[in-house]
Each structure stands twice: as C-alpha cells, then as structure tokens.
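Asks: Provided below for reference: sequence and predicted model.
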Protein chains: 4
Amino acid sequence: MKPLNIGLIGYGFMGRTHSNGYKRANDFFPELQQRPVLKAVCGRNAEKVQAFADQWQYESIETDWKALIARKDIDVIDICTPNNSHAEIAIAAAEAGKMILCEKPLALNPEQGERMCEAVEKAGVPNMVWYNYRRVPAITMAKQLIDEGRLGKIYHYRSNFLQDWTISEDLPQGGAALWRLDAAAAGSGVTGDLLAHCIDAALWLNGSIKDVTAMTETFVKERMHSETGKVEPVSIDDACSFMCHFQNGSLGLFESTRYARGHKALFTLEINGHDASLRWDLHDLHRLEIFDNNDEGRLRGWRSVHVSDHSGDQPYMDKWWVPGLQIGYEHTFVHQVADFIAALDKGETAHPNFRDALETQQVCDAVLSSAKEGLWKNV
Amino acid sequence: MKPLNIGLIGYGFMGRTHSNGYKRANDFFPELQQRPVLKAVCGRNAEKVQAFADQWQYESIETDWKALIARKDIDVIDICTPNNSHAEIAIAAAEAGKMILCEKPLALNPEQGERMCEAVEKAGVPNMVWYNYRRVPAITMAKQLIDEGRLGKIYHYRSNFLQDWTISEDLPQGGAALWRLDAAAAGSGVTGDLLAHCIDAALWLNGSIKDVTAMTETFVKERMHSETGKVEPVSIDDACSFMCHFQNGSLGLFESTRYARGHKALFTLEINGHDASLRWDLHDLHRLEIFDNNDEGRLRGWRSVHVSDHSGDQPYMDKWWVPGLQIGYEHTFVHQVADFIAALDKGETAHPNFRDALETQQVCDAVLSSAKEGLWKNV
Amino acid sequence: MKPLNIGLIGYGFMGRTHSNGYKRANDFFPELQQRPVLKAVCGRNAEKVQAFADQWQYESIETDWKALIARKDIDVIDICTPNNSHAEIAIAAAEAGKMILCEKPLALNPEQGERMCEAVEKAGVPNMVWYNYRRVPAITMAKQLIDEGRLGKIYHYRSNFLQDWTISEDLPQGGAALWRLDAAAAGSGVTGDLLAHCIDAALWLNGSIKDVTAMTETFVKERMHSETGKVEPVSIDDACSFMCHFQNGSLGLFESTRYARGHKALFTLEINGHDASLRWDLHDLHRLEIFDNNDEGRLRGWRSVHVSDHSGDQPYMDKWWVPGLQIGYEHTFVHQVADFIAALDKGETAHPNFRDALETQQVCDAVLSSAKEGLWKNV
Amino acid sequence: MKPLNIGLIGYGFMGRTHSNGYKRANDFFPELQQRPVLKAVCGRNAEKVQAFADQWQYESIETDWKALIARKDIDVIDICTPNNSHAEIAIAAAEAGKMILCEKPLALNPEQGERMCEAVEKAGVPNMVWYNYRRVPAITMAKQLIDEGRLGKIYHYRSNFLQDWTISEDLPQGGAALWRLDAAAAGSGVTGDLLAHCIDAALWLNGSIKDVTAMTETFVKERMHSETGKVEPVSIDDACSFMCHFQNGSLGLFESTRYARGHKALFTLEINGHDASLRWDLHDLHRLEIFDNNDEGRLRGWRSVHVSDHSGDQPYMDKWWVPGLQIGYEHTFVHQVADFIAALDKGETAHPNFRDALETQQVCDAVLSSAKEGLWKNV
C-alpha cells in the first residue's frame, strides 16, 4: 500500500470532514492502491493547530502554509482556509508540483479562478474541488438516471439551500468563526456558500446555464464585528434567488437564504422531465424520490427509494452496511477521497476539478452582477 | 327518476353521514335510476329530531320506530341507533318487507346477528351494513390489486385503529352522547367500534380468519355515568389487540385503542405479499402506498399513489373532480349509497350485507372470548 | 328560511363545484338565514345544459345569458364562463342589480377588471370572486396565525402551482374543453390559471407586492386546434415564474407550470418568519405544517397539524365530522357559499370581492409584462 | 493517551461495525483518556482473517480464540461469533480477566446467559453487550424525555422489526454466511436476531415485562443447506409476534419478520403516554417524532425532530457536524465505544451489561415458549 501524504491547511469544520475522509477511505474501499497519511496540518495558531493534530493524529504541524508547501514529504495540499486565500495558496502549491484538493467555492471571483486553473493545468497536477454533494449516493444515482435518458427532455430544474442560523441580530460578523459573514473573506454570502453547491449539482446534472436574473437581500444591515467590537455594515448577501435558462432549454429556479426559520441545511433539488421526475433533499439524504410516467397509470406515484441497498446497484452502497441502514453527510467526503485516489491509481482525471468549479464560479458571478444591476446577465 | 324513500332511525353522527350520502349520490352518479328521498327521520325526542329534519330537509318525523316501519311510503329503513337495538329493529323491518341499511357492528353478538340474517333472508329484502371504509377509493383499489394477484402469496396482514379521545378520567360514560362507553348499549368497547372496521376490511381483502388470541384492557376503571351522576365501573374494553391466522396461511396482527395520544382516527392497514406490499391510513385516506418487487432493483421503493386521478382507472374517481384534488371521509357513504342503488337497479346483491357482517361479528366474539379466557379461540 | 335564487352561467368543471357548494351549505351551516335555490343554469347548447340541469336539479335552463340576467326570479348571477366573457356578463349583471359570484381570474386584464369593479360598486351589489383556496381550513388558520403575529417579521414567501397535464404534444388546444390553452379565451396560460391562485393567497396572507421580475416559456410551440383541426401557434405561457419584493420587506418566489411531471395540482405555499414558519400543499390539503422557534430547543421540528379537530378551534371544522376525518377540495366552495350568505345575513362585505381580485390581476399583468420585456416591473 | 488493546473474535458484518467504532471514537470524543488499539483479530480461516486485518489495520491475527484470550497484550475481548459460541468464549475470557464486549443476543438461552453473568461478575471485569440502537441519538433522547416524565403514564408500547431478505425459497440456510437461518448456531430466528433489539429498547425505555403470549411461523419449511447441499427442514422462526403486559401497566405489541416485502430493516417503536407520544424508525433514524398534548389545541400535531442540532442539547450531536447534517447507522457503534471507554475512565458501569442483556434473553425465552405451547407465559 503506497502512502499518499496529506498536508492540510485550515482546521475548522471542513478540516474535520476532510480528515475523516482520509482516515476512513481505505477501510471501506480496500481496492485503493494508496492510503492517505495525515502528515501535517497547518494553521497560524500553533496551540490550536497542535490540539487538532493530536485529536486527529496528524504527524506534525506547520504555522506557515508556505513552509508546508515547501516540504518534500507532502504529496497533496488540501486547502480549507477562507475563500480569499484559495488562489494564492493553490497557485503556489501548483508551482511546487503538489496535487491540490481545494474547498469550494474555488475562488473569490472568476478571474482568480481562471488563474488557478491555468496554474494547475500548467503544472499538470491532479486537482479537485470539494463539491462533496455530488457523491451523496442518491445524487450520484440521479446522475446515472439522467445520463441513461430516463427523464427524457428536461423542462424544469429547481434547487434550494435554506438555513436559519443568522436570523438573530445579535450574531456578530467576521473573525475566525464567522468569516462567512464577511465579504472580504468570503467573496459573497449565501451565493458562494450555499448556491454554489446548488449550481455545481445543476451543471453536473443538467448542463450549462445560459443566462440569469437574480435578486439578493441583506436583511440585517449592521452587525458587530467579532474582532473589532464595532458595529459595521454587513457586506454579504443574506439571501439570493435567481431564475435562469439552461442550454438544454429547461428553466431553472434557485434560492438560498440563511433566514428560512425551521430549515437547518435544506439543500433540495428537483428535475422534471418528459418521462420522469426526480427530487432529493439533504435533510433525508439517503432517499431519492422518483416519479416514473412509464409506471401503470392508476399506480403512478412518487416512489421513495431508500438508497441503502447494494443489491440494487446503488452507487457506493456495496461499500457500506446492509439494506435499510443509512449513511450520512460525512460519507460524501469519504467517497470523494476514494474517487480521487482511484483516479490517481488509474491515471484518470477526477471531477469536479478546478476547471469544472470555474463554471460554477462564473454562474455565481453572473448572479451577483444581475442582482446588483437588476438585469438579465449572460453567463 | 324513481324515488327511493328513506326512513332514518337515529340522528347522531351517523345520521348525518348517511343523510349526506343520500343527498349527494345522484349529483355525482347520474347513471343511477333511483333517487333517495328523505322521507322521514325517527327519534324519541321530538324537538331534537324535528331540528335535525329541518336542517337536513327530511319531509317528516316519527318518534316511534315501529310507526316508521309501519308507514307504506317508506322503502328503506336505515338503522343508526345504538348497537343494542339493531336486532329488534332490523327483524321488524324485515318482517315489514323493508330494505335495510344497518350501522355497524351488525349486532351485540353472533346470536343476534344470525337471527338478523335469517330475517332478511327469509323476507328476501336487500340489506347492507355501513362498513363504509371498503369504499375509500384507495381501499377499493387495494382489493382490485389483490384480486388481480399482484401481491402474490400473502405473509402478513396488520391493521390498527388508534384514537385518543377517552384518555381523560373526567370523561363521563353512558347516555345519548357516550353510549359507546357503555357495554349494555354498545356490546363492547373498541372491539365492536373500531376493530370491527379493521376486521371487515381484512376479511374482504385477505379472506377468513381461523383462530385468534387476544388481550383487552380497561385503563380507567370507573367513570361517572352521565345520566345517573354516579361513579360506576367501566364495562367496556378501552384497548384490544389480537394475533390470528388467516385461512390463506398469513399471520394477522390487530390493535385498537382509545388511549393512543396523538392519533385521532388512525385506521391503518398493511399487507405484505411475496411480490408486493400495500399500506394505507385513514389520516391521509386519499393515498395508497405500494411497494412492487417487480420494479427495477436500484429504484425499488414505496410509491405514494395520490388516488385522485380518474385517467388512471382509479375506483370512483371519475365521478369527482380532476387529478390532484382529494376527496375525504364522507365520500365513502356517498359511494355506498350509489353502489346500493346500482345493485338495486341491476337486481344484484350489494356488499357487505348482513351475512358478510356476521362473519366480522363472529371474529369480534372470538376476540372478546379469547381475551377473557387467555386462550386461543377458533372463529 | 329565505330562498337565495341562483342563476349559473357555464356548466363545466366550475359549474359542478359551485352547484355542489350551493346544495350543501345549509346542511352543514344551519345558522344561515338564506338557502340557495338552483333556479336556472345557462349555456349555449340546450341539450347539454338540460342534462346538467337534470343531474344537479336546476329548476330551469336558459341558452342566452342576457335572458338569465333579465329574469326577476334570479338573485345571484354566478359566472363560470371562459375568462374573456367575465367583464361583459358581470357589468350587465351589475347593471341589472344582481349579486355576482365570478370565477377567477377576475378578467382578461386590469382594465377590464377596473371596469367590473366600478360597475359593482356603482350598483352597490354584493360581489365575490371564487378564489376558493382561502377557505381551505389550513390556509384560513395560517391567516389567523399571521394576523396574531405568531410568525414575527416575514423574510420569505414562496409558492408553486405545478401540474403536468399538457406535456403531450398530441394534446390539442382551444374549444370548449381546452379553452385554457387559448390566450384569446383565457387571457394567459398558467399565469391567470394557476399563479393567480398563488398570488391571491399571497396578497391575503402577506400583503401587497411592490415589484416583480418574471420568466415565461411555451414548451410546445404549435398544437392542433380542436375546432379548426389546424396546427396553430400556441399563444399561452406553459410555465411562468417570478421573483418579487413585498411591501413588508419580504422576498417572494413563485412558479407555475403544466410541465412538472408527477405533480397533478401541487399548489404549495411556505412562509418564513422570524419566530415561526408555515407550509402547506394542496395534495394533502388537510394538513398545515408549522415550525415554531419558541418550542424547546432540542425538540424543535416541523409539526404536521391534521386540521380535522374541531375541539381545537380550527376554522370551519366544527361544521363537519369528528377529529381525524378529513375533508377535501370541494369543501372550499361550500365554505365560500356559507361565508357569502353569512355576510349577506349580517350586511357585511364578503372577500375576496372584485376589488380584492383586481389586485391579483394587476400582479399578473406586471408578471406578464416583465416576462415579455425582461425587466423588473412595478405593480 | 492510554492504549486499550482490542482482540476481536469474528470478522463478519459485526466485525466491521465494531472495528469502525474503535477507529473513530477518539476523533470525535477527544475527552476520552484511552484509545482503542486494533491489536488482533481472530478467525478460523487464516487467509480470510489476514485479509480483514490488512483492510482494517489490525496488528496481528489469531486462528484460535483461546490463544487470543491467552495473550497478555489484549485488554478487551470482543465476541462477534455466531450465538452458540458466546457463552464458552465469554466465560473463558472472564476467567482470564479480560474485559468483554459481546454481540447480541447474549446467549442461546437464559441458562447460558446466567452463567455468563456469573462469570463476569465473579471476575469483576467490565462487560457490555452490543445492543447498539440504544445509542441512536433519537432513542437516547426518547429515554431522556421518558425519564423526565414528559410522557406521563404509559398506555401503549409497540415495536416492529421488519425485513424481507429471506422471502426467496432459493435462499439456502446455514454455513458462514447464513448461520442466522440455522437454529443450532443462532438459537432462534427473528426472535433472537430482530425482536431482541426491540425488547432491549423496550426494557430500557418502558421497564420490565410481566407476561407474554406469542405466535411464530416458518413460512418456508425446507431449504438447501449451504454446506451439505441437502434440502433440510428449516429450524428457525421466520416471523414472531407477541403481546405483553409491562410492569408499569402498559400494553405491549411486538412483531418481527423477514417476510415483509418492502422493508429492509424497519425497526420502529412508538410509545403512547397520557401527556405525549413518541415514535421512531430506523429507516430515518435521525428523526424523532413527538406529539405533545401540552401544545396549543388547534396547533397540536406530530413534530418531526431532525436530531442533528447540537445547539439543542440533543444527545451525542455536539460531537459531529452542524445542524441539518445527519449521521447514520454506524455511529451507534462509535457512541457505544466512546461510552464504554468513558465509563472505564470514570470507574463506572456501562450499560447494557451482561445482566441487562440477560433480561432480554429471558423475554425471548418466554416468547418462544409461549409460541410453542399457545399459552400466556410469565417472564
């Protein structure tokens, strides 16, 4: 078993999900020919990063990401830092010849994203972006069904990502914990954080988007900054929705917000085709619902498929337990690690790579621009 | 259009559901050749029965059911009185040559029921019992599917009827409103009131029951009587469950109670066969769920059929609205009236007739006897 | 009991729902002081209208709506004709001093609608529009909760009306059965047919809409006309979605289509407020879902309220059956008849009246105009 | 961090779930003071056990469980073998002073179980049985709510465990893969395999069971034996249901089968109390449903609590991800490992221990005995 030495930059929520992915992939995907080794984790606060390393059994720590990239014993740089540092780190890592796994969204804007793509393509290094939801088994199966033509011509695609965690006006903004509320660090609010997931899945499942018209809102206009203690204007979008045309002629409707009381992480998608429709939501992610118009008339109905039955060739499920026993959120990262390594083993390209993620970035950019100007925008 | 003159005895909750059925059947079933006419309603309290007649547009009232039966202008006697008067009224009505529609359960016990059957059979009068749930479109469709052999060999049948309205110890027993809590009037508690519905559906859908073992409980041992004002022992079963063998080799599991907090009228049934399973519940009665093992493996799942789509040959639904628009509880009585008249029009026998309902009575009797003795009992 | 003489114009699907409402209201609302009498039904085809009259027990027929309006024995004109005749009939009826109940949408456009409002206001005749869904008990209860301030500041309102009945390219357009696919008769496609219901409910529940941006699509560009037999361009919108700002600062997202495979009449609405959220859908219309942020933290969740329990002061439900037993689609019309008569009895104004419905017409107009021009439009 | 050296006997499905538990506990429970070390795995087939060791990173293998028990470097013996070897191994391990984690059911019968209890109690070694479902967060929270008295007096407890994997008559019995169909190896069929889980949860949540009446069935009477190739009688129960009285006066209803088409692992439980009811099912294990009669009348309904929100003090959830992101089946084993170590750290007793599991064994024994004799049996 060949080691694949991981250098992780950032150790927040995503640092945990990725670390778990590295540690578990080979237990469940024994055919992989490389095994991730948690070589080093990097963060600016030595004490905190050491505590993380101890908990997750990283072999060493770094406090300067440039030092990490310079290490010869690191094969993969995994970028889990706030969005405004992705480009600089990724380009440096590419120039150092490292493979790169980068958290989403790819960058602050398409220009940065384009430079990142050029850097990895020039260096010829494997690269991937953590749009993890593609690897929910139910969504992977949706992709299979669409590719098999089961849905027929597509008429409608709709997707939401609804949360409610920023409703309180007392919630501060900025700093290590709340950088997602700071446009300087995050680039945007819900658009880059939540809609980006909806868009990545949509482009994968339904193809490219031609044009968009969008609406954004910032419900709470000022919040105390967690570092300065001062009340400052809120720079991000609290909510964003958009309508669009896909290249295949279907209509799209997207919405994200952090002000939908009662929804914690309600990422949903629904696709209506001539022959069948599909829908899914993250709150019960182990189910895919399908309506098949080819079913006998009086018995047509939405079928709730519990995606836990490996006997039925459901994606990934032969790796886990037995029918009826569900897996959850974290498994998407295990699957992504496994697929990345499997692609390395075979010399293939894993997706979504930087170039795939750039298209999502371009849609986000058109959405933000449309919302600002109140006009339809081409992507 | 030939009139079918109705004489209703009793004007409580069931008096309302039946009256509504008579008034609406011809609006929605225009092919019927007879139209019910609300000729007379009968009850002991003249003032109350007149108020009911005014509200529902009955032409006249009676205060003595024998006088009603004696009237020449009455074709059908509809019995909506407490269970302990069914036998006497039905036998008298049969002897007078009237058609009879009798509320369920048929009688207090199988002996009474047998005498009732003999009376209507000797008189040759059309007769039917208001086991209305057979005519929920979803249940009627379940019957069709079973008869077509879609489920294959049956392994399991389970059915519940759960309510929560008698939990309070302050609820009195007896009298006009609460005779269902008085064994002298009702014969039994939940067994005759609720389980009888479960059993009627089971016998219709899955065939005869061979033997049973049952358990009953009376949670609140004493209640004030609403007429005497005295605290008296409670004579009925508050809860009853039983296990059984069906003639077809399948196993049955039944439960009813009025102490299941949160359930108002949760009548459910589920049938598991070799090839497919079905389930249904009264709280969303317009849906039938089906799992078909012949579906493609990875896409198998429980399908929720919204039984509102007449284009699909769903029973009764071509009579109502358009796909997606649900009907409710009261429609089962409209359907029963329509089917009764259609059978008259064609000279056929409508079901469930007294003889069908007697079998349910016999199962109830075996259940109560088993619970009393703690032994398995043959039906 | 005073008679209220009804003259119905049109006898299609809506003619049936209204007739049923008239016939049943007094059975369930005995406190009403007037009882509808089915005096006359009017349609151009004498044979067909007579068959309808026979089925529903109308006393007489007319083949010219002007003759109907001229009759002295008619109190209420009920307009169930295609949309392009609403204005002419309503204005004539108002001038004749008749009360008017008009199917939705009010008119082909706001200009017609304004003239209709002026006519009924000048004549001083009671008037109402059949936006029946306001009287689904779950929606009426949603209105009560909002008016009580239970939701707090509103952030989001979203509503869909999804169908799938026009997907087939073989479906013809136009004529008596399919006038909804003909813009000349219907004014628009899904916008006036389906979105109008969403908008009426939204204006009632969440207040006025300031501005909109919309997108429409006609998926099937040509269809055979059912009367001419010729293939002609399709003039209606098959799908329409829009985003908007409400006056109260909340964001709206609306969508309707007849190309959402698997949805027959999926009218949904969801409202997210600071303190609570509500959601509802027509496919299970007897349920209201509520998430209340004031519930204890670890036990917060979406509560599915089965609106069938009169003991809980749920709107309208004391008129029907007992807890757990659901009512359905048609009952909304019974409620509307009852509320109209109750308002007459008390000398009050029933809603939605023509003036209320005009605001919905204005939103529809802004939506269609925005879709055409690709720009935000003020209402 | 102190090592806790694990010696695993058996490497089938449960060997995987336990190994995963050991490897992950400290990543998510950093407060633990001991870390499991996968010291050795034991099985009779050296080649297969080595492959398992390689996949899961066990340091060594053994092919004789007695040799494993004799090793000084093993702290904990984990028994994952067929049920007929639990007693012998556990007693030997206790005599060797090892801590013991034993798969359920504890033994073949209460006599064996009693001897096992005596052995561990005499040796004074920590011991636990893998009734993992107690540690589904939703079930742990149910226990908290009951202990807080939220449900009031309990009237009903019902629980199912329904599967469909043995319906095919072509499925063989016996051998390494299918020992669960062989009574000599398994002790019983669904009773020990599935009902045991239902009973363990019931005893924990609702207290002791007084008496039972049961029914069993073997639908497929003969199957080919996978080792001998001969068609032999099937010795196990394919289905088992029972009714019972709990010590607290409530009624119980339990059912398990492997012939319920459409259910893969539908473990459900529902408890009805005077003040509130709870229900849960394994197919959506991250949800707990609660009906609270203290809610406002018109807004009472079943609340679906998505147990993923650590802010609400939901058990275990602060260890995992963020609200809205579900965990699954395998996490129950991680929780059990963590709780076992936490108890060791504090010198406390972890549950369910052997003595707790013996009570479940006694109920199973009464159930099987009742089914055989057709009589009520005391536990």
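Replies: All right, it came through fine.

Asks: and the helix or strand of chain A with the lowest mean pLDDT, how far from the chain's centre?
Replies: For chain A, the helix or strand with the lowest mean confidence is helix A:183-186, at a mean of 86 (criterion: mean pLDDT, DSSP states H and E). Relative to the mean C-alpha coordinate of its chain, helix A:183-186 is positioned 18 Å out (Cα atoms, centre = their mean, to the nearest Å).

Asks: cool, and stretch A:151-171?
Replies: Taking mean C-alpha positions (Cα atoms, centre = their mean), stretch A:151-171 and its chain are 14 Å apart.

Asks: ok, stretch A:7-22 next?
Replies: Centroid separation for stretch A:7-22 versus its chain: 14 Å, with Cα atoms, centre = their mean.

Asks: what mean pLDDT does it have?
Replies: Averaging pLDDT along stretch A:7-22 yields 97.

Asks: and it, C-alpha only, in CSV?
Replies: Included here for stretch A:7-22 are C-alpha records, laid out as CSV according to Å, rounded to 0.1, in the frame of the first residue of the first chain:
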residue,chain,number,x,y,z
GLY,A,7,-0.8,18.4,4.1
LEU,A,8,-4.0,20.1,5.4
ILE,A,9,-4.2,23.9,5.6
GLY,A,10,-7.0,25.1,7.9
TYR,A,11,-8.6,23.0,10.6
GLY,A,12,-12.1,24.3,11.0
PHE,A,13,-15.3,22.4,10.2
MET,A,14,-14.0,21.4,6.7
GLY,A,15,-10.7,20.4,8.2
ARG,A,16,-12.6,17.8,10.2
THR,A,17,-14.7,16.5,7.4
HIS,A,18,-11.7,16.1,5.1
SER,A,19,-9.6,14.4,7.9
ASN,A,20,-12.3,12.0,8.5
GLY,A,21,-12.4,11.2,4.8
TYR,A,22,-8.7,10.5,4.6
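
Asks: just give the nearest non-adjacent residue to the residue nearest the centre of chain A, would you?
Replies: Relative to the mean C-alpha position of chain A, the nearest C-alpha, by Cα atoms, centre = their mean, is the one of residue A:131, at 2.6 Å. On the basis of Cβ to Cβ, 6 or more residues apart in numbering or on different chains, the spatially nearest residue to residue A:131 that is not a chain neighbour turns out to be residue A:200, at 4.2 Å. Using the backbone N, CA and C atoms, a C-beta is placed for each residue, glycine as well.

Asks: break chain A down into its domains, please.
Replies: Structurally, chain A divides into domains by automatic domain parsing as follows: A:2-132, A:134-378.

Asks: first to last residue in the first one, what's the distance?
Replies: By Cα to Cα, to the nearest Å, the extent of domain A:2-132 from end to end equals 25 Å.

Asks: for stretch A:301-316, same thing?
Replies: 26 Å.

Asks: cool, stretch A:176-196 as well?
Replies: Using Cα to Cα, the end-to-end distance of stretch A:176-196 comes to 21 Å.

Asks: just stretch A:69-80 next, same as before
Replies: Between the opening and closing residues of stretch A:69-80 lies a distance of 14 Å (Cα to Cα).

Asks: so is it next to chain D?
Replies: No - Stretch A:69-80 lies out of reach of chain D by Cβ under 8 Å from any Cβ of the partner chain, never closer than 14.7 Å.

Asks: which one of the domains of chain A lies closest to residue C:206?
Replies: Using Cβ to Cβ as the criterion, the shortest distance between residue C:206 and the domains of chain A is 14.7 Å, found for domain A:134-378.

Asks: residue numbers of chain A in contact with chain C?
Replies: Chain A has residues A:155-156, A:158, A:162, A:164, A:167, A:213, A:215, A:217, A:219, A:239, A:241-243, A:245, A:249, A:251, A:253, A:255, A:257, A:259-263, A:272-277, A:291, A:293, A:300, A:302, A:374-376 near chain C, with proximity defined as Cβ under 8 Å from any Cβ.

Asks: just name whatever secondary elements the helix or strand hosting residue A:278 is in contact with.
Replies: For residue A:278, the element it lies in under DSSP states H and E is strand A:276-281. On a contact count with 3 or more Cβ pairs under 8 Å, 6 or more residues apart in numbering or on different chains; DSSP states H and E, strand A:276-281 meets helix A:137-147, strand A:266-273, strand A:287-292.

Asks: can you rerun that using 6 Å?
Replies: Other helices and strands packing on strand A:276-281, by 3 or more Cβ pairs under 6 Å, 6 or more residues apart in numbering or on different chains; DSSP states H and E, are strand A:266-273, strand A:287-292.

Asks: strand partners (parallel or antiparallel) of the longest one?
Replies: When pairs are called by DSSP bridges, strand A:266-273 turns out to pair with strand A:154-162 (antiparallel), strand A:276-281 (antiparallel).

Asks: want to throw these into a markdown table with mean pLDDT and mean neighbour count?
Replies: A markdown table is the format used below for those (pLDDT from 0 to 100; neighbours: other Cβ atoms under 10 Å in any protein chain shown):
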| stretch | mean pLDDT | mean neighbour count |
| --- | --- | --- |
| strand A:154-162 | 98 | 25 |
| strand A:276-281 | 98 | 23 |
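
Asks: turn the helices and strands packed on strand A:276-281 into a markdown table, including distance to residue C:348.
Replies: Output for the helices and strands packed on strand A:276-281, formatted as a markdown table (distance: least, Cβ to Cβ, whole Å):
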| stretch | distance to residue C:348 |
| --- | --- |
| strand A:266-273 | 42 |
| strand A:287-292 | 45 |
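
Asks: can I get those in JSON lines including mean pLDDT?
Replies: As requested, the helices and strands packed on strand A:276-281 are exported to JSON lines (pLDDT from 0 to 100):
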{"stretch": "strand A:266-273", "mean pLDDT": "98"}
{"stretch": "strand A:287-292", "mean pLDDT": "98"}
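
Asks: residue numbers of chain A in contact with chain D?
Replies: When proximity is defined by Cβ under 6 Å from any Cβ of the partner chain, chain A lies next to chain D at A:27, A:30, A:55-56, A:264-265, A:283, A:306, A:321, A:323-329.
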